[in-house]
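Student: sharing a sequence plus its predicted fold:
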Amino acid sequence: MIKVMNNISSPKMKTLLTVILFFTTISTFAQNVFRLNQEPVDPAELKKTYDHYAGSKFSAIAHELAKRVGENPSLEGYIPNDKLARPWTHSLSLTLSQAWRFHTNYAARKEPRGKIFEILMTIVENDEVGAGRNIALGEIATRLRWGRKPVDQSLPPLKETIRRLSEIAKDKREDNFLRRMIVPILYEHGDPNKYLDLALELTSKEKSPLAIAEAFRFATPSRNSTKLTAENRAKYLNYGFSLLEEVNDKKSGHGYFIAMHLGAVAGVKPIVKGESPFKPNQKLARYDQSKGGSMAPFYFQDTVDNALNWWSQNKHKYVEQADGLNRFQR
C-alpha cells in the first residue's frame, strides 16, 4: 500500500488516475440519466409497478399505462424469454410494455367482443395520452389487419371504426404524425377514394422527395388499390411516378421500393413470377455477386429504370387529373 501511494506522484500514475476518474464520472452520469428517464429502476419497485398494472382492470389503468409506455418506449429488438417472463428484473420500459401486452393479448381472450377495442379507441381519441396514442393505434391496426383470435374478439363493426378514426385523421388540430398513422388504416379498410387526397396532403409535408415517396408508399397500401376509380388511379400514378422521377439519381437505386409499389397499384405483371413488379431476374449473370456476397447495386437502379420505362410507354393511358393534384406536386 505504501509503495502504491508513493507511486501516485509519478506522471504515469497521475494520468492513469485521471482516466479512471473520468470514466467513473461518465459511468455515474450515465446511470443517473438512466435513473432519471427510467424511474423506478429497483427490481422490487418495478415488480410493484408490473403487479399494479397487470392486476388492475384495463379500463381503469389503460390511459395511464399507455401514456407511460409511450414515454418509455422499449428499444430492444429480440427479447429473450427470461426477460419476458420477469420483465421487472430488467428495465421500466420492458416492465410497462409487458404489462400492456398482458391486457391487450392474454387477458383480451376473456373479454367480451369489442371491449378491448373500445378502450383502445378512447386512448387514441385522448390527446393527453401523448405518444401512447400511437401505441393504442398500432393495436387497432393489428386487429384490423389480421383479425384472428384473440384479436377478432375485440373488433366492433368496421363502419364505426372507420368513422371515428376518420374524424381524427381529418382534424388539422391533431398531431400530424398520428394523422399519418391513421391514413393507411382508412385507406386499406375503408374506401381509398375518400382518403387519397388526405394521403397526398399529409405525406407531401415531408422535407425531402425521398421521404415524401416513402411516406406516400406507407400511407397508401396497395391491397385495396383495385377499388380506386379510374380518375383516382390516374391521379395516383401521375403523382407517384412524378415522385419516382424526382428521387431517381440514375445510380443509387433510390426509389426502389416505391417503384415496386407503383407497379402493384397499376397491376403490372412481375418480370419474374412471384416477385414484385419491375424487379429484374436476380439469376442473370449481370447480378451475380457470388464473390462479393451481396446484390449488385445496379439491381436496385435497374428496378427503378424498369418502372420509369414502363411509365414512359403507358402514361398516355392515364389522363392526369388536374383538379386537386397540382397542389401536391413539388
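Tutor: Now that the structure is in, tell me what you want to look at.
Student: okay, CA-based contacts and neighbour counts for the rest of this
Tutor: OK.
Student: hang on, isn't residue 246 packed against residue 208?
Tutor: No - counting by CA atoms under 8 Å, residue 208 is not a contact partner of residue 246; they are 10.0 Å apart.
Student: show me where pLDDT drops low in the stretch 151-300 of the chain?
Tutor: Counting by pLDDT under 70, the stretch 151-300 of the chain has low-confidence residues at 151-156, 289-294.
Student: please list all residues in contact with the residue most central in space within the chain.
Tutor: If you average the C-alpha coordinates of the chain and look for the closest C-alpha using CA atoms, centre = their mean, you land on residue 181, 8.2 Å from that point. By CA atoms under 8 Å, 6 or more residues apart in numbering, the contact set of residue 181 is 134, 137, 219.
Student: count the residues that sit near the residue nearest to the last one when sequence neighbours are not counted.
Tutor: Residue nearest to residue 219 in three dimensions, not counting chain neighbours: residue 184, with 4.5 Å by CA to CA, 6 or more residues apart in numbering. Around residue 184 there are 23 other residues, counting by other CA atoms under 10 Å.
Student: and residue 184, how far from residue 278?
Tutor: Relative to residue 278, residue 184 is positioned 24 Å away (CA to CA, to the nearest Å).
Student: tell me where the stretch 1-150 of the chain has helices.
Tutor: In order along the chain, the stretch 1-150 of the chain carries the following helices (DSSP state H, counting those that start in this stretch): 2-7, 11-37, 43-54, 58-71, 81-85, 92-101, 115-124, 132-146.
Student: I meant the stretch 151-300 of the chain, not that one.
Tutor: So, for the stretch 151-300 of the chain - with DSSP H, counting those that start in this stretch - the helices run 158-169, 176-189, 192-203, 209-219, 230-247, 256-266, 297-314.
Student: and of those helices, who's closest to residue 42?
Tutor: Of all those, it is helix 176-189 that lies closest to residue 42, at 33.4 Å by CA to CA.
Student: mind listing what's buried in the closest one?
Tutor: Of all the residues in helix 176-189, those buried under the rule 16 or more other CA atoms under 10 Å are 176, 178-189.
Student: from these, pick the one nearest residue 66.
Tutor: Checking these against residue 66 with CA to CA, the nearest one is residue 178 at 14.6 Å.
Student: which of residue 246 and residue 208 has more neighbours?
Tutor: Neighbours were tallied for residue 246 and for residue 208 using other CA under 10 Å; the higher tally belongs to residue 246 (15 against 10).
Student: which ones are touching the residue nearest to residue 219?
Tutor: The contact partners of residue 184, by CA under 8 Å, 6+ apart, come to 218-221.
Student: for the residues you listed, give me TSV that also has distance to residue 238 and neighbour count.
Tutor: What follows is those, written out as TSV (distance: CA to CA, whole Å; neighbours: other CA atoms under 10 Å):
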residue	distance to residue 238	neighbour count
218	17	18
219	16	25
220	14	24
221	17	20
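Student: report the buried residues of stretch 269-280.
Tutor: Of the residues in stretch 269-280, those buried by neighbour count under the rule 16+ other CA under 10 Å are 270, 276-280.
Student: then it to CSV, C-alphas only?
Tutor: Listed next in CSV are the C-alpha coordinates belonging to stretch 269-280 (Å, rounded to 0.1, in the frame of the first residue of the first chain):
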residue,chain,number,x,y,z
LYS,A,269,-47.3,-8.3,-64.1
PRO,A,270,-43.9,-9.1,-62.5
ILE,A,271,-40.9,-9.9,-64.7
VAL,A,272,-40.3,-13.0,-62.5
LYS,A,273,-43.4,-14.9,-61.3
GLY,A,274,-43.9,-14.4,-57.6
GLU,A,275,-41.7,-11.3,-57.4
SER,A,276,-42.7,-7.7,-57.1
PRO,A,277,-43.4,-5.7,-60.3
PHE,A,278,-40.3,-4.2,-62.1
LYS,A,279,-37.8,-6.4,-60.2
PRO,A,280,-35.2,-7.9,-62.6
